[in-house]
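Visitor: I'd like to go over a predicted model; first the sequence, then the structure.
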Amino acid sequence: MGVIQQLPEDVVRKIAAGEVIVRPANAVKELIENSLDAGATEITVTIKEGGMTLLQVKDNGTGIYKDDLPLVCERFATSKLRSIDDLSRMTTFGFRGEALASIAMVSSLNVTSKRRDAPCAYQIAYKNGAMTGRIRPSAGGDGTTITVDGLFEASESRRAALKNHAEESARVIDIVAKYAVHRPDVSFIVMRDERGCDLRSLGTGKREDVLGVLYGDELCKEALVLRLNDPTLHFEMEGIMASPYSIHSAEAKDSKRKRNKQFVLFINNRPVSCAVLKSSTEQTLASKGLATTYLMMALMIDPSRVDVNVHPTKDCVFFLQQDDVTERIQEYLDAVLEADINKYRPKLPSLQSMMEAQMLAPLGLSRSSDSVKTPQPTKSDSSEKRCDYNLVRVSGSERRLEQFFLPGHSSAHATVDTVDAPSSQEDYRVTESGTREFSLESIESLRQSVIRESSTELRAIFKGHFVVGCASPECVLLQHDTTLYACTLQTLLEEIMYQIILFSLGNLGSYRLDEPLPVVELLKASGCEEGDEQLKEAATFLSSKASMLNDFFSLNFEEIQETDGGEARVCITTLPSLIHAHSPQMAALPELILCLLVEVDWDEEIRCIEGVARSIAAFYGLHKRWLDGDLYSSDGNTKWTSVVENLLMPKASYSLLWWGSDTVKDRLFPPSKWTEAGILTPLTSIHDLYKIFERC
C-alpha cells in the first residue's frame with residue numbers, strides 16, 4: 001500500500017501562505033503593490049508592535065467592486081491575468097492572486113472598500129482564509145482599507161522567531177521608503193505604535209524631495225541623477241546616487257554613516273535584488289577610489305523579456321541578456337563619474353602650505369592669524385555647576401510641521417475647494433498670494449480684541465510647549481521648560497479653531513459633503529420639538545444667510561429639489577476646512593445647526609461674526625459623548641488620542657493665513673481669563689521632583 005497522500009486544501013494553502021508572507025514587511029509590500037495597481041496617490045501604513053498585532057494599509061485608489069469582495073481572498077483569483085500568454089507582457093505588480101489569500105490564511109483580515117461611483121463603502125471579514133460574515137455597508141472614503149489583526153496568531157514558532165518588534169518595524173519602514181523614492185508622485189505615510197508619523201513623503205513628484213525628507217538634506221545635496229536609454233538592449237534606466245566620496249579620506253574612515261551603503265533596485269516597478277548588478281556598481285566606484293551611501297536604480301525592460309514568476313515573494317526576476325545590460329550600466333556609470341572625477345577626490349594641501357604650518361605650529365600661530373592663540377577653557381575648567389533639574393526633557397526626535405504637510409492633496413473623505421467670493425469688491429482686496437484681506441471694521445475689531453486680551457505669560461508657555469499626551473478626553477498634558485501642565489482640552493481646541501476661523505475669514509477651503517443633509521432633519525435630530533412648519537421656517541432663515549455664511553465661513557446652505565417632484569428642501573452641502581486632513585465628528589452637526597439659530601445674534605454685525613465663528617469652533621472641537629470608546633468616531637478606526645496629538649495639536653494653525661509664522665506655537669493668542677479659570681494648571685516641575693528624590 002502506498003504512503004503518498006494528497007494534502008488537504010487547508011494545509012496546502014497554509015504552506016503556500018508561509019512562503020509568500022514570511023514577515024510583516026512582506027504583507028506590507030504586497031498590499032502597497034495592490035494599492036499602486038489601483039492608481040492610489042496616497043497610501044497610509046499603520047503598524048503596531050512591528051505589524052504583528054495590527055497592520056493596516058489605506059489608499060485612495062479605485063476601490064473594489066462589491067461583487068468582487070467574496071473573491072479577494074481566494075487563491076488564484078485575480079483581475080490581472082486571463083491566460084498564460086499574459087505572463088509574457090505583465091505590467092502590474094500582482095497577477096497570481098495569492099497575496100490577500102496568503103495574508104488571510106495567517107491572520108484576521110478586514111477589507112473596507114468604496115469605488116467612486118458607489119453610494120457607500122462595503123466591508124467583509126476573513127479569518128483563517130474563510131469569510132466570517134456577509135458583506136455589509138460601511139462608512140468610508142474612496143479607496144480601500146485593509147486591516148490585518150494578529151498576524152501569525154496560530155503559529156507560535158513564527159511569532160517567536162519574529163519577537164523583535166523594533167526590527168520588524170524597521171523592515172516595514174525600509175520597504176515603504178523604497179517605494180517612496182521610486183514613486184515620488186505618491187504620498188506614503190507610516191505610523192507606528194500611535195507615535196505619529198515615522199515616515200512621510202510629500203508626493204511632489206521630485207525624487208530629490210523624497211530623499212531629503214527620508215534621509216536628510218545632506219544625502220541629496222549634489223546628488224547625481226542617472227538616466228540611460230538603450231534601444232538595442234530594450235531597456236531604460238533612471239535613478240539617483242548620493243554624491244560619491246573618496247574611500248581614502250580620513251572622514252570616510254572615521255564616519256560610521258559612510259560605512260553604511262544602501263543599494264535599491266527596481267525592475268519594471270518591482271523592488272528586487274540583483275547581486276550581479278550591485279557588485280558591478282560597487283566595483284565601478286571602487287576602481288576610482290569612490291563609494292556612495294545611497295544608490296537607487298529603476299530599470300524598465302520590455303515585459304516580454306522579463307520572467308516575473310520565479311519567486312514566491314517576487315524578490316527576484318530573470319531577464320534576457322542580463323550580463324549585457326549590467327555591462328552597459330557599468331559603462332554608463334563609469335562615464336558619469338569620470339566626467340567630474342576631481343570633484344570627488346580628496347584635496348591634498350600644497351607643499352608651501354605644509355611648510356608654513358610646520359614653521360608656525362611651534363609658535364602657536366596659524367596662517368590666518370599673527371597672534372598667539374588663546375587657550376579655550378574646557379568643560380572641566382568651568383566653575384558653573386551643572387543642575388540636572390534645570391535640564392529640559394524633550395524628545396530630540398520631534399519633527400517639524402512642514403515635513404508632514406502634503407501640498408495638493410485632498411482629504412480621503414471630502415473634496416476641498418476654494419471659496420467663490422460673492423462679496424463686493426469694495427469690501428476686500430486680493431493680496432499677491434491670492435488671499436483676500438477684508439476692510440470691515442467688525443473683523444478687524446475682533447482680531448485686535450483677541451490679541452489685546454491675550455496673556456503674554458501664557459503665550460510664552462504655548463510658544464515653547466511640547467505635547468506630552470492626552471490624560472483623558474478633557475485633559476491634555478503639556479510641558480514647558482521644566483514644568484508639566486494640565487490643560488482643558490476642549491477649551492484649548494475651541495480657541496484654536498476660533499482663531500483659525502477669525503484670522504482666515506473669507507479664505508477657508510471647504511469640504512463638500514457626499515450627500516446634502518436636510519436642515520429640518522438635522523434640527524429634529526438635535527432634539528427640537530417644534531412642528532414641521534416652524535422647522536421649515538428656521539431652515540429658510542439659514543438659507544437666507546447662505547451667501548454670507550458661504551463667503552466668510554465656507555458653510556453653504558442650498559435649496560435642493562426632490563427627485564420625485566416634491567418641494568425643495570434646504571440642505572447643508574459644504575463644511576469649512578479648518579485643518580488639513582481633519583474631519584469633525586459629524587454626529588455633532590445637528591448641534592451646530594441649532595447653535596446657529598439660537599446662539600447667534602444676527603442683528604449686529606460684530607456679534608454675528610463672532611457667534612458663527614464660536615459655533616463652528618465648538619463643532620470642530622472634541623466631543624466626548626460622540627467618541628466610540630477609544631475611537632474618534634463610530635464611522636472610523638482612528639483613535640481620538642492620535643487625532644489630538646498627531647493632527648490637531650501640531651497642525652492646528654497651519655490654515656491661519658493672517659500671520660506669517662508656520663507653527664501653532666507662534667500663532668495662538670491664549671486669553672488672559674484662562675489663568676483665573678484654571679484652563680492651564682501647573683502640575684509639577686523637575687525641580688520639585690528632585691527635592692522629593694533628595695529627601696528619599
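Guide: Thanks, I have it. Numbers count the residues shown, from 1 in each chain.
Visitor: now do the contacts for P184.
Guide: Counting by CB atoms under 8 Å, 6 or more residues apart in numbering, P184 makes contact with S201, G203, T204, G205, K206, R207, D209, V210. C-beta: built from backbone N, CA, C; applies to glycine.
Visitor: the closest residue to the fourth one other than its chain neighbours: neighbouring residues, count only.
Guide: Setting aside the residues directly before and after it, G205 is nearest to D185 in space (CB to CB, 6 or more residues apart in numbering), at 4.5 Å. Counted with other CB atoms under 10 Å, the burial measure for D185 works out to 12 neighbours.
Visitor: helix, strand or coil for D185?
Guide: At D185, secondary structure determined by DSSP: H, G, I helix; E, B strand; the rest coil is coil.
Visitor: how close does it get to A581?
Guide: Distance of D185 to A581, computed by CB to CB, to the nearest Å: 19 Å.
Visitor: S510 versus the nearest residue to A588 once chain neighbours are set aside, what's the distance?
Guide: Computed as CB to CB, 6+ apart, the closest residue to A588 that is not its neighbour in sequence is H623, at 5.0 Å. According to CB to CB, H623 stands 21 Å off from S510.
Visitor: surely V45 and M191 touch.
Guide: Yes. V45 sits in contact with M191 when judged by CB atoms under 8 Å, with a separation of 7.3 Å.
Visitor: which of the helices or strands spans the residue nearest to S201 when sequence neighbours are not counted?
Guide: Excluding the flanking residues, the one nearest S201 by CB to CB, 6+ apart is A180, at 4.0 Å. Using DSSP states H and E, A180 falls within helix 165-182.
Visitor: heading C-terminal from that helix, find the next helix or strand.
Guide: Taking DSSP H and E, what comes next after helix 165-182 is strand 187-192.
Visitor: mean confidence (pLDDT) on the following helix or strand past that following strand, please.
Guide: As assigned by DSSP H and E, the chain's next helix or strand after strand 187-192 is strand 197-200. For strand 197-200, the mean per-residue pLDDT is 82.
Visitor: determine the set of other helices and strands touching strand 197-200.
Guide: Applying 3 or more CB pairs under 8 Å, 6 or more residues apart in numbering; DSSP states H and E, we find strand 197-200 packed against helix 165-182, strand 187-192.
Visitor: given the shortest one, what are its sheet partners and their directions?
Guide: Take DSSP bridges as the rule and strand 187-192 pairs in its sheet with strand 42-48 (parallel), strand 197-200 (antiparallel).
Visitor: so what's P137 up against?
Guide: Here P137 is in contact with C120, A121, Y122, Q123 (criterion: CB under 8 Å, 6+ apart).
Visitor: backbone dihedrals for it, please?
Guide: When read as degrees, to the nearest 10, the backbone of P137 gives phi -60, psi 150.
Visitor: beta-bridge partners for it, please?
Guide: Beta-bridge partners of P137, counted by DSSP bridges, are Y122.
Visitor: look up how far L492 lies from it.
Guide: Using CB to CB, we find P137 at a distance of 36 Å from L492.
Visitor: stretch 576-593: how far from the chain's middle?
Guide: Taking CA atoms, centre = their mean, to the nearest Å, one finds the center of stretch 576-593 at 21 Å from the center of the full chain.
Visitor: quote the end-to-end distance of it.
Guide: 14 Å (CA to CA, to the nearest Å).
Visitor: average pLDDT for that stretch, rounded please.
Guide: 85.
Visitor: host element of the nearest residue to L202 once chain neighbours are set aside?
Guide: Among residues not flanking L202 along the chain, D209 sits closest, at 5.7 Å (CB to CB, 6+ apart). Secondary-structure assignment from DSSP H and E places D209 in helix 207-215.
Visitor: identify the residues contacting that helix?
Guide: For helix 207-215, using CB under 8 Å, 6+ apart, the contacting residues are 177, 180-181, 184, 199-202, 204, 219-220, 223, 225, 240, 242, 294, 296, 403.
Visitor: quick one: buried ones out of the residues you listed?
Guide: 177, 180-181, 184, 199-202, 204, 219-220, 223, 240, 242, 294, 296 (16 or more other CB atoms under 10 Å).
Visitor: and which of the residues you listed is nearest C528?
Guide: Proximity of the buried ones among the contacts of helix 207-215 to C528 (CB to CB) peaks at R200, which lies at 43.6 Å.
Visitor: number of residues surrounding V430?
Guide: If you count neighbours by other CB under 10 Å, V430 ends up with 11.
Visitor: check the one 10 residues further on too.
Guide: Here the number of neighbours of L440 (other CB under 10 Å) works out to 17.
Visitor: same deal with D564?
Guide: Neighbours of D564 (other CB under 10 Å): 5.
Visitor: and the pLDDT at it?
Guide: 70.
Visitor: using the three-state scheme, assign it.
Guide: Applying three-state DSSP: D564 is coil.
Visitor: okay, buried residues for stretch 563-571 please.
Guide: Within stretch 563-571, the residues that qualify as buried by neighbour count (16+ other CB under 10 Å) are R569, V570, C571.
Visitor: apologies, that question was intended for stretch 124-144.
Guide: For stretch 124-144, by 16+ other CB under 10 Å, it's I124, A125, Y126, K127, N128, G129, S138, G140, G141, D142, G143, T144.
Visitor: surely E494 is within a helix?
Guide: Yes. Residue state for E494 (three-state DSSP) corresponds to a helix.
Visitor: and it, what does it touch?
Guide: So E494 contacts R614, A617, A618, G621 (CB under 8 Å, 6+ apart).
Visitor: how far out from the middle of the chain is the host helix or strand of the second one?
Guide: Right, A617. Per DSSP H and E, A617 falls inside helix 605-619. Centre-to-centre, helix 605-619 and its host chain are 31 Å apart (CA atoms, centre = their mean).
Visitor: which other residues reach it?
Guide: 440, 442-443, 445-446, 494-495, 497-498, 500-502, 505, 549, 552-553, 555, 576, 584, 588-589, 591-592, 595-596, 599-602.
Visitor: cool, stretch 144-160 as well?
Guide: Counting by CB under 8 Å, 6+ apart, 18, 21, 24, 27, 31, 34-35, 38, 51-59, 61, 63-64, 100, 103, 106-114, 128, 162, 637 sit against stretch 144-160.
Visitor: tell me where the stretch 351-500 of the chain is predicted with low confidence.
Guide: In the predicted model, the stretch 351-500 of the chain carries pLDDT under 70 at residues 351-428, 433-434.
Visitor: residues near I4, how many?
Guide: Neighbourhood size, I4 [other CB under 10 Å]: 4.
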